Every structure is written in C-alpha cells, then in structure tokens.
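Chemist: Provide a 3D model corresponding to the input given below.
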Amino acid sequence: MPLKVYNTLTKKKEEFVPLKDNEVRMYVCGVTLYDKLHLGHARAAVVFDVIRRYLEHRGFKVNYVTNFTDVDDKVINRAKSLGTPIFDLTGRLIKEYFQQMEPLGVRRANDYPCATEYIKEIIDLIRKLERKNLAYAQDGDVFFRVRGFPSYGKLSGQDLKELSVGARVKVNERKEDPLDFVVWKKAKEGEPFWDSPWGKGRPGWHIECSAMAMNLLGESIDIHGGGVDLIFPHHENEIAQSEAASGRRFAKYWIHNGLVKMKDQKMAKSTQNVFTLSQALQDYDGEAIRFFLLSAHYRSPLDYHKNSLKEANSSLERVYNILKRIKEIKGEQSQRTTDPNLRFLVEDLSSHLKKMQTRLIHDMDDDFNTPAALSFIFEAVKKANLLLREGQSLDKDSQQVLLKTREKIKNLGDILGLFQKEEKKRLGEQEKKLIEILVNIREKLREKKDWKLADEIRKKLGGLGIELEDKRAETVWRTKS
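Modeler: Model (predicted):
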C-alpha cells in the first residue's frame, strides 16, 4: 500500500511522491516568540515529529526545518509590556522551547531559522516581487498585489469577490486594493528596524517564512505544514508571494494539524484559554503528554480536559507494566503444557504479532493514523496480559511469544516516539538543575572570554553524555542519544 497524505491544497488524500528521489524537504511554521508554550504548540511539534519519523522509517531522507518568529507585532508589544529588550525575551523563549520539547521526545529539526537572521534574503525576495510589479511601496511600507496572483485563494478556497467585501470593512488607505497585504513595515518609534531600499523597517510576518523556506530548502519543497489556523491568511499569502516570485509551485503537499481545544474553544494565548506546557510538565512525564497529543488523528480537533493527561499516563503505565513483567519472566522455563486455554492464548497472541508490523504500516500509510496504530498495539498489551495471568503455568513457547511481544511493542513504538523509556537513562530533577548551573557558569565564562575553562566544562559534560549547543541567544543542552 502506498503512503497517502491528505493535501489541504487539493482537499483529498494523495499518494506521497517526493519531488526528488527519496529526499523529502519539509518546512513547518514554528512558534512566535512572545509567551509561554501551550499544548497547542506542543501538538504541532509532536505531530510533525511523528510525520518525520515515519517518513524516515519508510526510507526517506528528510530535511526538516521549523522556524522561530522573533520579530512581529506580538513580540514587540510583549517585550514592551515586560519592559525587557526584545531579543532578551526571544532568546529566553527559544531556550524554554528546547528544554520543553526534549521530554516530549521531539527530535531536533535540521534547522531552526529565526526571521531576523534572514533580513537580507527577505529584502531580496521583496525586490524580486517589485521587479515583477507584484509589490509596491507606499510611504515606507511595501504591499503585495493580491490581484496580480490570479490563483490566490486556492489553498483556503476563498473567493476574491467575497474577500473584497470583507476587506473593505477595514481599509488601509495606503493600499491600492483592500486585499493587498504588507511584506515590509515602516519602523515605528521604539521598534527594532533594519535598513532597506524603502527606509528603516522590518519584515511582515508572511514574507519571513517564504524567505526562510526557499533559502534553506529551495523554491519548490515537498511538504509545508502548520496548524489549521494558519491556512488563511498566512499560508495563502506564502503561496502567493513565493510562487509569484519564483514562477514555480511552492509546496507539493500542504499538511495541517487540528487545534487543541479547551472549554469548547481553541487553545490560544490571545484569549488566555491555555494550559501551558510548563504546567503540564510539572505534573506529568513528557511521554504522557506526547501520548495524549497522538491519541486523536492529527487533522482532528483534540479536546483537553482536566483528566486528559491523567488518562494518558494511565494508558502508558499499562504498557510499561506489561513490558516490565515480560522482562522479569525471561529465563524461566517449564515443560510444554497441554492446557488448551494456555495454547489458545499463545496462538492468539502469536497471530496478532504477525499482523502488527503490517497493520501499523497500513495505519500510518493512511495519512499517519496514529490512534489506529496505537489501538493495535494496545490490543497486543491486552492479549499479553491475559497470557501473563497464567503465572507459573507459562511454558517455553509462552515465554518466547511474550518476549517477541515486548520487542515488537518497543520497535513499533519507536516509530511513534513512545515506549522507549527503559532504554534511556532518564535524568532526575536534581541532575537537571546541576547541569543548568554548570551551563550558566559556562555562559558567564564565555562572556569573560575564558574560553579554556568554558571548553573544559563542555568536555566534562560531554564525557557524562551531555551535549551542549551554542545558539545565538543561549546555550542549550541535551542528553546524547
């Protein structure tokens, strides 16, 4: 069965065929750095982590890029309200992002571009649009001519006539057309700015992602992803400006995850209807959060309630309890039994195991159906539990099929980023705090240009299995896999 994905652009499932051999170029819109992460952000990160893992399991080489928006109206306003420099705020939130993604099992992307690192590329892209008469400057602002891109609306299904009516409610007098959107903003007093052909200013939100994706992955990519709330106008505008500039299809497959809801509303910082990831991690292991986020199909809305993580944690405990009990029976052997009930249970579980790999591939090939895949794994847990209840009557055949069950659950779980806890050294809270202290000391040494001692700390931590990565704003650490 071929891998099929739901393409928001065509509104149907399509066979996945990358643009170039077995290489997959995937760009996913990341977080805007103005406040704490919540479960909605975590869902997007986990969903696309699983998609990446599964593509790699299928033999594809994946180049995965997800960005940070580090200059934007929300970021600027938040920094002002806190009375802190904007890049102090964004640097702290980047550090928090990596710290909170690690316990969720989210593997590092190949690149995490920040918008402010691509100002030159953004300006070059806007200049290209200007030369094609698809962008125009007005008093320091630059706008994209929406009507100059005839297929505008093809992703979201929006009709230009209906959009025109809605746009006239709030007209920007500097625009030639109410539908046009800003790609470069004139600097206001007290805001960060960069020099440009149009004066001091900063990029618009939509143009940032186009420039970063095209420069890191090419003018045409395989997958562009993000939450469904980004379909319009963000992704619609990305398509328009990218394809207008290059003359090529920007992304072949558009994949969007459903939103996390709480109290029957979208979880969003703008409405304060949020449950932060830091709150969740205080009470639950990151794997329980990951399990919850994968418990519904990625395109469906996911309802969060006060018992959601408790229930997810209980489900995980069932799996780990079975894995532990199976591990403990290893080496115990008895004569082959003729007990018909035992023979039935062994044969039933053995038959299920033969189908597990095929079934998981089948479910994941059907637009990454994680709940269906998990359901079949839990059926194996149930059958293994029935067999384990036989206790002392377990013979060699029973033990072998149980050991195969344990191996299969862990192997298939690895594709989903689940059920691997026993195989990794897990750091306690005190150990994490000590590492943080050492990392902070090293940062102070680097500020004083004491490179020798700073390097010694890096080497010592490396010998203990702790890897450091010096980012633009902070140093992040992780355990070596």
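
Chemist: which helices and strands does the helix or strand encompassing Val24 pack with?
Modeler: Under the criterion of DSSP states H and E, Val24 resides in strand 23-32. Contacts defined by 3 or more Cβ pairs under 8 Å, 6 or more residues apart in numbering; DSSP states H and E place strand 23-32 against helix 39-57, strand 61-69, helix 205-217, strand 221-227. C-beta coordinates here come from the backbone N, C-alpha and C atoms, glycine included.

Chemist: Distance from that strand to the middle of the chain?
Modeler: 8 Å (Cα atoms, centre = their mean, to the nearest Å).

Chemist: Point out where the stretch 51-200 of the chain drops to low pLDDT.
Modeler: The stretch 51-200 of the chain contains residues with pLDDT under 70 at 164-172.

Chemist: which residues in it form helices?
Modeler: 73-82, 86-101, 119-131, 160-167 (DSSP state H, counting those that start in this stretch).

Chemist: packing partners for the longest one?
Modeler: The criterion is 3+ Cβ pairs under 8 Å, 6+ apart, and the helices and strands that helix 86-101 contacts are strand 61-69, helix 73-82, helix 277-283, strand 475-479.

Chemist: which residues sit against that helix?
Modeler: Contact with helix 86-101 is made by 31, 33-37, 42, 45, 68, 70-71, 75-76, 78-79, 82, 112, 114, 116, 192, 277-278, 281, 471-474, 476, 478, as judged by Cβ atoms under 8 Å, 6 or more residues apart in numbering.

Chemist: Stretch 274-291 now?
Modeler: The contact list for stretch 274-291, computed with Cβ under 8 Å, 6+ apart, reads 36-42, 46, 96, 100, 102-105, 262, 267-268, 304, 309-310, 312-313, 315-316, 417-418, 421.

Chemist: Can you say which of those residues are buried?
Modeler: Buried subset of those (neighbour count, 16 or more other Cβ atoms under 10 Å): 37-42, 46, 96, 100, 102-105, 262, 267-268, 304, 309, 312-313, 315-316, 417-418, 421.

Chemist: Give me the distance between Arg147 and Phe181.
Modeler: 12 Å (Cβ to Cβ, to the nearest Å).

Chemist: Just want to know which of those two has more residues nearby.
Modeler: More crowded of Arg147 and Phe181, by other Cβ atoms under 10 Å: Phe181, with 21 against 13.

Chemist: separation between the more buried one and Lys12?
Modeler: From Phe181 to Lys12 the distance is 28 Å (Cβ to Cβ).

Chemist: Any chance of JSON lines for the helices and strands packed on helix 86-101, columns mean neighbour count and distance to Met1?
Modeler: JSON lines is the format used below for the helices and strands packed on helix 86-101 (neighbours: other Cβ atoms under 10 Å; distance: least, Cβ to Cβ, whole Å):
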{"stretch": "strand 61-69", "mean neighbour count": "21", "distance to Met1": "20"}
{"stretch": "helix 73-82", "mean neighbour count": "16", "distance to Met1": "43"}
{"stretch": "helix 277-283", "mean neighbour count": "16", "distance to Met1": "35"}
{"stretch": "strand 475-479", "mean neighbour count": "17", "distance to Met1": "36"}
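
Chemist: can you pull the contacts of Ile51?
Modeler: Met26, Ile223, Gly225, Ile255, Tyr298, Phe368.

Chemist: The last one against Ala296, yeah?
Modeler: Okay, so that is Phe368. No. Applying Cβ atoms under 8 Å, one finds Phe368 not in contact with Ala296, separated by 11.9 Å.

Chemist: So these two - more neighbours on which side?
Modeler: A count of neighbours by other Cβ under 10 Å puts Phe368 above the other of Phe368 and Ala296, at 27 against 16.

Chemist: could you pull out the strands for the stretch 301-450 of the chain?
Modeler: All strands of the stretch 301-450 of the chain, identified by DSSP state E, counting those that start in this stretch, fall at 302-304.

Chemist: Show me where it has its helices.
Modeler: All helices of the stretch 301-450 of the chain, identified by DSSP H, counting those that start in this stretch, fall at 308-329, 340-365, 370-388, 396-416, 429-447.

Chemist: For Glu176, which of these is the nearest?
Modeler: Closest approach to Glu176 among these is made by helix 370-388 (46.2 Å; Cβ to Cβ).

Chemist: Would you mind pulling the contact partners of that closest one?
Modeler: The contact list for helix 370-388 (Cβ under 8 Å, 6+ apart) reads 50, 294-298, 315, 318-319, 322, 325-326, 329, 342, 345-346, 348-349, 352-353, 355-356, 359-360, 363-364, 366, 394, 398, 401-402, 405, 408-409, 412-413, 416.

Chemist: ok and that helix relative to helix 396-416, angle-wise?
Modeler: Using axes from the mean of the first three to the mean of the last three Cα atoms, to 10 degrees, one finds that helix 370-388 and helix 396-416 are set 160 degrees apart in direction.

Chemist: Would you mind listing where the stretch 251-400 of the chain has pLDDT under the threshold?
Modeler: 330-338, 391-393.

Chemist: The closest residue to Tyr54 other than its chain neighbours and Arg406: what is the separation?
Modeler: The spatially closest residue to Tyr54, leaving aside those adjacent along the chain, is Met364, at 5.2 Å (Cβ to Cβ, 6 or more residues apart in numbering). To Arg406, Met364 is 21 Å away according to Cβ to Cβ.

Chemist: Which one's more surrounded, these two?
Modeler: Neighbour totals were compared for Met364 and Arg406, and Met364 leads with 24 against 21 (other Cβ under 10 Å).

Chemist: now that one: how far from Thr358?
Modeler: Where Thr358 is concerned, Met364 sits at a distance of 11 Å (Cβ to Cβ).

Chemist: now do Val5
Modeler: For Val5 relative to Thr358 (Cβ to Cβ), the value is 20 Å.

Chemist: who has more neighbours, the two?
Modeler: A count of neighbours by other Cβ under 10 Å puts Val5 above the other of Val5 and Thr358, at 19 against 11.

Chemist: part of a strand, is the more buried one?
Modeler: Yes. Counting by DSSP: H, G, I helix; E, B strand; the rest coil, Val5 is found in a strand.

Chemist: Specify the beta-bridge partners of it.
Modeler: The partner list for Val5 in beta bridges (DSSP bridges) reads Glu14.

Chemist: Relative to Asp450, which of the contacts of Ile51 is nearest.
Modeler: Nearest to Asp450 among these is Met26, at 40.2 Å by Cβ to Cβ.

Chemist: Look up which residues are beta-bridged to the closest one.
Modeler: The partner residues for Met26, given DSSP bridges, come to Tyr64, Ile223.

Chemist: shouldn't it be in contact with Phe48?
Modeler: Yes. Contact criterion Cβ under 8 Å: Met26 and Phe48 qualify, at 7.4 Å.
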